[in-house]
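In: Structure for this input, please:
(chains A and B)
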Amino acid sequence: GAVVSQHPSRVICKSGTSVKIECRSLDFQATTMFWYRQFPKKSLMLMATSNEGSKATYEQGVEKDKFLINHASLTLSTLTVTSAHPEDSSFYICSASPGQVFGTIYFGEGSWLTVV
Amino acid sequence: QQQVKQSPQSLIVQKGGISIINCAYENTAFDYFPWYQQFPGKGPALLIAIRPDVSEKKEGRFTISFNKSAKQFSLHIMDSQPGDSATYFCAATFQGAQKLVFGQGTRLTINP
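Out: Numbers count the residues shown, from 1 in each chain, chains lettered A, B, ... in the order given. Purely as a prediction, here's the structure:
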């Protein structure tokens, strides 16, 4: 079964509203989680590193104020897309690892966001 | 230097054939190279991974070949089956970093 769970799997929101996506590690604690974005038929693009108890680290070109990340516990990270626009429509995927060196990095099932 | 280049973009193989996907990297600090399989609308799932201290790793029908001097690695799928039709991504990361750099992906189609 899945060891990293994302919710919701699909969400439709109106332009200008905010939407929250959750990423949970089910069988392990993760001090670090990662958020990726994937456009259709494209590769995964790392957006940010979510750090438990501290601020997220964003990749170059990713707007911190638009993509708010909160890592409130060792098993939960959330990505909030604020003031969503149609161009934010995408597949968002999180990853996490139990933390062993060379350990498996697990991905969630992904969340489809459509902004109308 | 952070890039991982993957080829081909798409690949069609007959059932029972061998599928081969290649990746190349520049950064010699990378020390963990996983391959992921992704079905449409799903998150990537780890297939097999290798560290640069070995030249080959085999798990069932999947084999990674690693050439450290050439900074290249490849995935071989033996006896390819229609159920293997998916998008495959190679990736690389630094020790313990968990932050993956992905290749561009290869859409594999296995014809019955």
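In: Secondary structure element holding residue 22?
Out: Chain wasn't specified; assuming chain A. For A:E22, the element it lies in under DSSP states H and E is strand A:19-25.
In: Not quite, go with chain B.
Out: Under the criterion of DSSP H and E, B:N22 resides in strand B:19-25.
In: and the closest residue to chain A within chain B, what pLDDT?
Out: For chain B, the residue closest to chain A is B:G43, as judged by Cβ to the nearest Cβ, at 4.0 Å. Where you see a C-beta, it was placed from the backbone N, CA and C, and this is true even at glycine. B:G43 carries a pLDDT value of 93.
In: where does chain B come near chain A, residue by residue?
Out: Neighbours of chain A within chain B, by Cβ under 8 Å from any Cβ of the partner chain: B:32, B:34, B:36, B:41-46, B:49, B:51, B:89, B:93, B:95-96, B:98-105, B:107.
In: Let me know the average pLDDT across stretch B:92-99.
Out: pLDDT averaged over stretch B:92-99 gives 78.
In: what stretches of the chain score poorly on pLDDT?
Out: In the absence of a named chain, chain A is used. Scanning chain A with the threshold set as pLDDT under 70 gives A:1-2, A:100-102.
In: meant chain B actually
Out: For chain B, the ranges with pLDDT under 70 are B:1, B:95-97.
In: Do a quick rundown of the strands in it.
Out: For chain B, the strands defined by DSSP state E occupy B:4-7, B:10-14, B:19-25, B:33-38, B:45-50, B:56-59, B:62-67, B:72-77, B:86-92, B:101-102, B:106-111.
In: export these to JSON lines and tack on mean neighbour count?
Out: Listed next are the strands of chain B as JSON lines, based on neighbours: other Cβ atoms under 10 Å in any protein chain shown:
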{"stretch": "strand B:4-7", "mean neighbour count": "18"}
{"stretch": "strand B:10-14", "mean neighbour count": "14"}
{"stretch": "strand B:19-25", "mean neighbour count": "20"}
{"stretch": "strand B:33-38", "mean neighbour count": "22"}
{"stretch": "strand B:45-50", "mean neighbour count": "17"}
{"stretch": "strand B:56-59", "mean neighbour count": "12"}
{"stretch": "strand B:62-67", "mean neighbour count": "18"}
{"stretch": "strand B:72-77", "mean neighbour count": "20"}
{"stretch": "strand B:86-92", "mean neighbour count": "24"}
{"stretch": "strand B:101-102", "mean neighbour count": "22"}
{"stretch": "strand B:106-111", "mean neighbour count": "17"}
